[in-house]
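Visitor: can't give you the sequence, but here's the structure:
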């Protein structure tokens, strides 16, 4: 039996991942509506029923105005309003890096100026084995990186080796990068599984970096979403007040570099 060859040192693989029209046609889908199966046997879908989905050449645009979806008990179900999960999972190399790059434009309608968490367009690298959520958020006037390990439904994460650090966490890093409603930026996230490091870049400039990442992603899917991030208050969602969102996304460029 022939054995698979190990990746050659210094080899670079590049994948373009888009096929957004399959969201509409249903043919050979590269994306599916995100969501979770819940313990009571029901499913929660990240789907705004009146969202308008448009594919212009290779670009995806989704408009949901106003937003309508919320959940009163589970935070991660309240946050994402309309979201697509890639049907492919991407595998980081053991010795090297994987990068995900795409252009995003986010616009919030009838929202609260200066409040990132009132609504944004996102890209999310999600691993439901470890709970990893590595994101960019793009709103009218604020851009942010997100570094987290989230208590997704069904995820049970082992505690870190250093018990001074939390098992579940999230850092929302609002960035001093100028932007305006609907402005397109180029976003890139790079992960080094062997070195336990993460980097975030906007328009080619590094904007965030974390070492000693306390989990190893063996694979992840990519999510594209319209989201809010408002804490549930006394068993009641406070995420909606009539605001809406529009997001635009280019195809992904996945780059795998082997050391």
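Guide: Perfect, I can see it now. In this text, all values refer to a predicted model and were calculated from it rather than measured experimentally.
Visitor: max-length strand in this structure?
Guide: Longest strand in the chain, counting residues (DSSP state E): strand 96-109.
Visitor: mind checking the SS state of the nearest residue in space to residue 153 that is not next to it in sequence?
Guide: Using Cβ to Cβ, 6 or more residues apart in numbering and skipping residues adjacent in sequence, the residue nearest residue 153 is residue 36, 4.3 Å away. C-beta: built from backbone N, CA, C; applies to glycine. Here residue 36 is strand, with the state taken from DSSP: H, G, I helix; E, B strand; the rest coil.
Visitor: what's around residue 36, how many residues?
Guide: Counted with other Cβ atoms under 10 Å, the neighbours of residue 36 add up to 18.
Visitor: for residue 16, same thing?
Guide: Residue 16 is flanked by 11 other residues according to other Cβ under 10 Å.
Visitor: List the contacts of it.
Guide: Residue 16 makes contact with 251, 252, 253, 254, according to Cβ atoms under 8 Å, 6 or more residues apart in numbering.
Visitor: Considering these, which possesses the most neighbours?
Guide: residue 252 (22 neighbours).
Visitor: Among the contacts of residue 16, name the ones in strands.
Guide: Using DSSP E, the members of these that fall within strands are 252, 253, 254.
Visitor: Now the first one: closest residue in space, sequence neighbours ignored.
Guide: Looking back up the chat, that one is residue 252. Leaving aside its sequence neighbours, residue 252 sits nearest to residue 17 (Cβ to Cβ, 6+ apart; 4.4 Å).
Visitor: so the one you found touches residue 30, yeah?
Guide: Yes: Residue 17 lies in contact with residue 30 (Cβ atoms under 8 Å); the separation is 6.6 Å.
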